[in-house]
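Peer 1: only geometry, no sequence info:
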């Protein structure tokens, strides 16, 4: 499992130093940063991460940074630690999906508990993203037509059911099935399924909806 990075974004040097010491004492890799702009220049999206974020920052504030991260599709948990949490900013933080919000000064035990939980959640999400990316790499050699056949095979449809759903001849389905096995370098459906399960792949619901449920006589 990839090592998590705990980013600390706060314009107060003393707060950054204190939080960095706390994080490292708990075994985390801490990166202390003084502004949102500096964070964006240093953020490594190829690692799971959690951010301890102040709301009031020079330049871009914490809420604007959080909004930008969400719009960019970055997967990381945000814990707010601030002395400026009024009702409107708290509401905005929650709407943006904040994992937790603490008012300075806060109880360090509660903060560490939140960090542990946020890192654990992000690790799971990050690993899921990696599995999906691996699955996409595995499926890259397949044509869109072959992917549709694969999705229906994976969902338990028989060759005839696939042919009916995609309005193909049975021979065409069999040809595409053979092509899938060849391109993915597998010799059996069991081997194919094992690879896809490990990669966390699943068929698109809209493709599955095109075919009736299997009657159990899989071919």
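Peer 2: Received, thanks. All figures in this text were calculated on a predicted structure; none of them were measured in a lab.
Peer 1: so for stretch 103-116, what gets flagged as buried?
Peer 2: By neighbour count on 16 or more other CB atoms under 10 Å, the buried set for stretch 103-116 is 111, 114, 115. Just so you know, the C-beta spots here come from the backbone N, C-alpha and C atoms, and that holds for glycine as well.
Peer 1: how much space separates the second one from residue 51?
Peer 2: Right, residue 114. Separation of residue 114 from residue 51 (CB to CB, to the nearest Å): 12 Å.
Peer 1: overlap of the contact sets of these two?
Peer 2: Listed contacts common to residue 114 and residue 51 are residue 79; contacts here mean CB atoms under 8 Å, 6 or more residues apart in numbering.
Peer 1: pLDDT-wise, which helix or strand of the chain ranks last?
Peer 2: Least confident helix or strand, the chain: helix 108-139 with a mean of 83, by mean pLDDT, DSSP states H and E.
Peer 1: pLDDT wise, what is the residue lying closest to residue 13 once chain neighbours are set aside at?
Peer 2: Distances taken as CB to CB, 6 or more residues apart in numbering place residue 34 nearest to residue 13, at 7.4 Å, with adjacent residues excluded. In this model, residue 34 is scored at 94, pLDDT.
Peer 1: re the thing from before, any chance of TSV for the buried residues of stretch 103-116, columns distance to residue 146?
Peer 2: Below are the buried residues of stretch 103-116 laid out as TSV (distance: CB to CB, whole Å):
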residue	distance to residue 146
111	50
114	46
115	45
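Peer 1: just to revisit the earlier point, which strands and helices sit next to the least confident helix or strand of the chain?
Peer 2: In terms of contact count using 3 or more CB pairs under 8 Å, 6 or more residues apart in numbering; DSSP states H and E, helix 108-139 is assigned the packing partners helix 13-25, strand 49-53, strand 77-82, strand 100-103, helix 189-198.
Peer 1: try 10 Å this time
Peer 2: Judged by 3 or more CB pairs under 10 Å, 6 or more residues apart in numbering; DSSP states H and E, helix 108-139 is in contact with strand 5-9, helix 13-25, strand 49-53, strand 77-82, strand 100-103, helix 144-154, helix 170-183, helix 189-198.
Peer 1: how about the ones you listed, which one is nearest residue 131?
Peer 2: With distances scored as CB to CB, the stretch of the helices and strands packed on helix 108-139 nearest to residue 131 is helix 189-198 (7.9 Å).
Peer 1: that closest one relative to helix 170-183, how many degrees between them?
Peer 2: Counting by axes from the mean of the first three to the mean of the last three CA atoms, to 10 degrees, helix 189-198 points 60 degrees away from the direction of helix 170-183.
Peer 1: about what we covered before: pipe the helices and strands packed on helix 108-139 into JSON lines and attach mean pLDDT and distance to residue 129 per row.
Peer 2: Below are the helices and strands packed on helix 108-139 laid out as JSON lines (pLDDT from 0 to 100; distance: least, CB to CB, whole Å):
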{"stretch": "strand 5-9", "mean pLDDT": "93", "distance to residue 129": "15"}
{"stretch": "helix 13-25", "mean pLDDT": "93", "distance to residue 129": "23"}
{"stretch": "strand 49-53", "mean pLDDT": "91", "distance to residue 129": "12"}
{"stretch": "strand 77-82", "mean pLDDT": "93", "distance to residue 129": "14"}
{"stretch": "strand 100-103", "mean pLDDT": "93", "distance to residue 129": "22"}
{"stretch": "helix 144-154", "mean pLDDT": "93", "distance to residue 129": "20"}
{"stretch": "helix 170-183", "mean pLDDT": "94", "distance to residue 129": "24"}
{"stretch": "helix 189-198", "mean pLDDT": "85", "distance to residue 129": "15"}
